[in-house]
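Student: generate a structure from the sequence data that follows.
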Amino acid sequence: MHYTIKEKKPLPRSEFFIHIELPPEAVSNEREHVLDRLKKDAELPGFRKGFVPEKMLRERIGEMALWEEASEHALSEALAEIFRTEKLDALGHPRVETIKLAPENPAEFKVTLSLYPKLTLPDYKTIAGAQKSKKPEPITVEEKEIEAVIKEIAAQHERASGEKNFVVSDETVKKFGGFETLADFRAKVKEGLTARKKELAKEKRRAELLHALGEESRGDIPDLLIESELIKMEHELRGQIEQMGGSFDEYLKEVKKDAPMLKKEWRHDAERRARLQLTLLNIAREEKIAAEEKNIDVEVKHLLEHHKDADKESARSFVETLLTNQKVIEFLENHG
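Tutor: Predicted coordinates for the structure are as follows:
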């Protein structure tokens, strides 16, 4: 891969700047690869999948769109090589500003990336041990909780069957399968409530552990990582609103704010989330903890089946981080 570094320099807060130029042939080569990939999945009326003529495909997509996607791939390859030769320990996705981009011409980009920050880790095993030594609160299930669940089950049965004034009794519990008496059914409900409360208690202890780890770590957090967390937080909020049948734009009107205002309010939480993520990654490096490739492959495949438009590299990075975090947390819970 040919490229020219026109400028490079370290920035504050563990960031690095690169001004890079790619020759036309580097982008042109990637353009052919992009076309080959698109042809495999292309479908147009009158043509079978994968058999659309290249000329028609180029006309449909547009030369500039092809060149833009090709430049992204070419830049990604060039950056990977720069990271190796310059020994840059990059983390996350870089911020890319396109300076020049036109077919059959050199492409120029200004790239800002996060370097792996040098955090001062807390004594994480001692923190985990302190959390583990706390006496767990007893798990109890009251009769009124069981009654509330049974009442909701009866209401669900009425809605599904159209049956009115349904009463859960020794006779009617047999409709739910596997139960001989109401006492058996109540015992099963209690068992389910107990299991749920145990899981919630475990989640609470885990949250307390993670909070303590994040609070005790020291070091600057790259702005790019904080911005990445802000994007995730907006995406999470959008998803929650849409699940309830609402609109993100309508929500903004309701709270009389815009997205930048929300992100400004969230910045402290975003930095805390980024700090915790870096703390877990540093512990993983320190303890040589890594997710297994076969588990990553399985989860990436599952993710892409449900999100067909997702970027494969981003999906793999997300899954690898998630699985590694889980292994680090389990390590701390077991070795505290």
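Student: C-alpha from now on. contacts and neighbour counts both.
Tutor: Fine.
Student: name the spans of the stretch 201-336 of the chain whose pLDDT lies under the cut-off.
Tutor: Along the stretch 201-336 of the chain, segments meeting pLDDT under 70 span 336.
Student: all strands of this structure, in order?
Tutor: Secondary structure of the chain by DSSP state E: the strands cover 4-11, 15-22, 90-100, 107-115.
Student: from the chain's centre, how far out does the second one sit?
Tutor: Averaged C-alpha coordinates place strand 15-22 at 26 Å from its chain's average position (Cα atoms, centre = their mean, to the nearest Å).
Student: and that strand, what does it pack onto?
Tutor: Under the contact criterion of 3 or more Cα pairs under 8 Å, 6 or more residues apart in numbering; DSSP states H and E, strand 15-22 touches strand 4-11, strand 107-115.
Student: before we move on, back to that, right, and the strands of the chain - which one's nearest residue 187?
Tutor: The closest of those to residue 187 is strand 90-100. By Cα to Cα, the value is 49.0 Å.
Student: and that closest one with strand 15-22, angle?
Tutor: Inter-element angle recorded for strand 90-100 and strand 15-22: 40 degrees (by axes from the mean of the first three to the mean of the last three Cα atoms, to 10 degrees).
Student: now strand 90-100: buried residues?
Tutor: Across strand 90-100, burial judged by 16 or more other Cα atoms under 10 Å covers 90-91, 94.
Student: picking that back up, any idea which of the helices and strands packed on strand 15-22 is most buried?
Tutor: strand 107-115 (a mean of 22; mean count of other Cα atoms under 10 Å).
Student: by contact count, what packs against it?
Tutor: If you count contacts as 3+ Cα pairs under 8 Å, 6+ apart, strand 107-115 packs onto strand 15-22, strand 90-100, helix 223-243.
Student: residues contacting residue 233?
Tutor: When contacts are counted by Cα atoms under 8 Å, 6 or more residues apart in numbering, residue 233 touches residue 270.
Student: show me which residues of stretch 163-173 are buried.
Tutor: Of the residues in stretch 163-173, 166, 168, 173 count as buried by neighbour count, 16+ other Cα under 10 Å.
Student: so which of those is the closest to residue 314?
Tutor: Lowest distance from residue 314 to the buried residues of stretch 163-173 (Cα to Cα) belongs to residue 173, with 48.6 Å.
Student: what's the separation between residue 64 and residue 105?
Tutor: Distance of residue 64 to residue 105, given as Cα to Cα, to the nearest Å: 12 Å.
Student: ugh, wrong one, I meant residue 149
Tutor: Applying Cα to Cα, the value for residue 149 to residue 105 is 68 Å.
Student: check the protein for its longest helix and report it.
Tutor: Longest helix of the chain, by residue count under DSSP state H: helix 182-216.
Student: which of the strands of the chain has the lowest mean pLDDT?
Tutor: When these are compared by mean pLDDT, strand 90-100 comes last with a mean of 90.
Student: who does that strand pair up with?
Tutor: Taking DSSP bridges as the criterion, strand 90-100 sits next to strand 107-115 (antiparallel) in its sheet.
Student: mind listing the helices for the stretch 1-150 of the chain?
Tutor: Ranges of helices within the stretch 1-150 of the chain are 24-41, 54-61, 63-85, 124-133, 143-161, based on DSSP state H, counting those that start in this stretch.
Student: any idea how many residues pack against the closest residue to residue 220 other than its chain neighbours?
Tutor: Once flanking residues are discounted, residue 220 sits nearest to residue 13: 5.6 Å by Cα to Cα, 6 or more residues apart in numbering. By other Cα atoms under 10 Å, the residues close to residue 13 number 15.
Student: ok, residue 13 - contacts?
Tutor: 117, 220-223.
Student: residue 180 now?
Tutor: Going by Cα under 8 Å, 6+ apart, residue 180 touches 170-171, 173-174.
Student: do that again at 10 Å, thanks
Tutor: Applying Cα atoms under 10 Å, 6 or more residues apart in numbering to residue 180 gives the contacts 170-174.
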